[in-house]
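S.K.: Could you look at this predicted model? Sequence included:
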Amino acid sequence: MKMITAVRGFKDILTDQVDTWLRIETESRELFTAFGFEEIRTPILEKTELFTRGIGESTDIVEKEMYTFLDRSDEQVTLRPEATASIIRAYIEHHLYAANPITKLFTIGPMFRRERPQKGRLRQFHQINVEVLGIEDPRMDAELLFMLKELFAKLGVANLRLYINSLGCPRCRPRFREAILVFLKDKEEILCDDCRRRLKKNPLRVFDCKIAECQAVITDGPELLDFLCADCIDHFDNLQHYLNILSISYEINKKMVRGLDYYTKTTFEIIAPSAGAQNAVAGGGRYDGLVELLGGPDIPGIGFAIGCERLIASLPSMKEIQSAGKLQLFVAAMGEKAELFAYTLVNRLRISGISAEMDLGGKGLKGQMKRADKLRSGHVLIIGERELTDRKVVLRNMRTGSQRTLDIGNLEASVINAMKER
Ligand SMILES: [Zn+2]
Ligand SMILES: [Zn+2]
């Protein structure tokens, strides 16, 4: 039979990688909980309109990258390309704002974008998303960045660069829009087809066009920071003030607009050099108008997304962690009686939370020790006829080489204690 492979751009996460995934998920959950966040899980399939309205019709995501299709009853649905719109939809639909004026949510899961796989881009990728609803104060913006920085520190990711910018608000952005249009008026010919079309709908999108010619044109263009209204200037100044108070170093990137229409005021990106050429490991910003745009009350919001694949690519020393092995104990048994004894011991240890393994394939002692070695077991216990007669077994620590003799009558408890000592 012909082999069936995974869909292009979709990737299996194999057993040897799952530890890494669990580690970043667990660290995130623990840290976010300490900062007052709660987990929410929304569906991966939504009505297409949620994203066209929420993310913006003229964005790259909506124009080119969404997995959109008609289901059997001709409803147009989309596999979520990002999480914020879904979370806000759930927030509005379930009136979460009524229960609590300040809502802090996070979610972890797969997103889907039909990107070009030849560049190694995944069409199913994973994000950790954090959203805060109900706070306009720039102290919240700084606090989020503090939490993000702390998460990366806990995971051991080094040399991060934080870039911030302000995207203004509906009061000051129209003037900027006008300025872009004036600037690009005689340069339209150089722009790509997409950008020429975008000029009419949303000229800001020219800033995040991936075509080099468009990038070159816009480099000398007007900058948003010069057009901010008093309120936005104040917010941006305060953000920087609180970043300094929290000892967070940052750089202002005046050209950063992020590829989504809903951002207002604060936007940010975190770049990890080790994750490859200028790739953002995390990014986000404020979206004060989004809840209202999606049919809810006028409630401000801010959030960020961490790209899990990029984060994993920038993690250090995962090899070391993996090579340590996760099996705590291998029990080598010789002879029928010893095997039976080992069989009950291994299974009893497992329910006490000790990862234990033994051979069920009839291998000799040498073969069993080879298997323990392959599994990189932390400890090995050898039980033969003599051990059963003497009522004593030797527990060997495979990392330090040290041994200790344990009494067989109390073996289960002794092993558990020994494992706790590490
Ligand atoms: Zn403004
Ligand atoms: Zn372009």
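M.R.: Arrived safely. Ligands and ions are numbered 1, 2, ... in the order given.

S.K.: contacts, neighbours, all on C-alpha from now
M.R.: Will do.

S.K.: Now do the domain split for the chain, please.
M.R.: 15-172+228-318, 324-416 (automatic domain parsing).

S.K.: Let me see the mean pLDDT of the last one.
M.R.: This predicted structure assigns domain 324-416 an average pLDDT of 91.

S.K.: Centre of the chain to it, how far?
M.R.: Relative to its chain's centre, domain 324-416 lies at 38 Å (CA atoms, centre = their mean, to the nearest Å).

S.K.: do the first one as well
M.R.: How far domain 15-172+228-318 lies from its chain's middle: 10 Å, per CA atoms, centre = their mean.

S.K.: Is ligand 1 within reach of it?
M.R.: Yes: interface with ligand 1: domain 15-172+228-318 contributes 168-169, 172, 229, 232 (CA under 5 Å from the ion).

S.K.: Compute the number of surrounding residues for the residue nearest to residue 350 when sequence neighbours are not counted.
M.R.: Take residue 350 and drop its neighbours on the chain: the residue closest to it by CA to CA, 6 or more residues apart in numbering is residue 356, 6.1 Å away. For residue 356, the neighbour count with other CA atoms under 10 Å is 22.

S.K.: quick one, helices of the stretch 1-150 of the chain?
M.R.: Counting by DSSP state H, counting those that start in this stretch, the stretch 1-150 of the chain has helices at residues 15-34, 48-55, 60, 84-93, 96-99, 138-155.

S.K.: contacting residues around the fifth one?
M.R.: So the one you mean is helix 96-99. By CA atoms under 8 Å, 6 or more residues apart in numbering, the residues outside helix 96-99 that reach it are 91, 103, 134.

S.K.: and the second one, what does it touch?
M.R.: In this structure, residue 103 makes contact with 37, 96-97, 132-134, judged by CA under 8 Å, 6+ apart.

S.K.: quick revisit: take the helices of the stretch 1-150 of the chain and lay them out in JSON lines including mean neighbour count.
M.R.: Below are those laid out as JSON lines (neighbours: other CA atoms under 10 Å):
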{"stretch": "helix 15-34", "mean neighbour count": "14"}
{"stretch": "helix 48-55", "mean neighbour count": "20"}
{"stretch": "helix 60", "mean neighbour count": "18"}
{"stretch": "helix 84-93", "mean neighbour count": "20"}
{"stretch": "helix 96-99", "mean neighbour count": "13"}
{"stretch": "helix 138-155", "mean neighbour count": "18"}
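
S.K.: so which of those gets nearest ligand 2?
M.R.: Ranking the helices of the stretch 1-150 of the chain by distance to ligand 2, with CA to the ion as the measure, places helix 60 first at 10.4 Å.

S.K.: Would you list the phi and psi of the nearest residue to residue 364 once chain neighbours are set aside?
M.R.: Distances taken as CA to CA, 6+ apart put residue 334 closest to residue 364, at 7.4 Å, once the chain neighbours are dropped. Backbone torsions of residue 334, given as degrees, to the nearest 10, read phi -120, psi 120.
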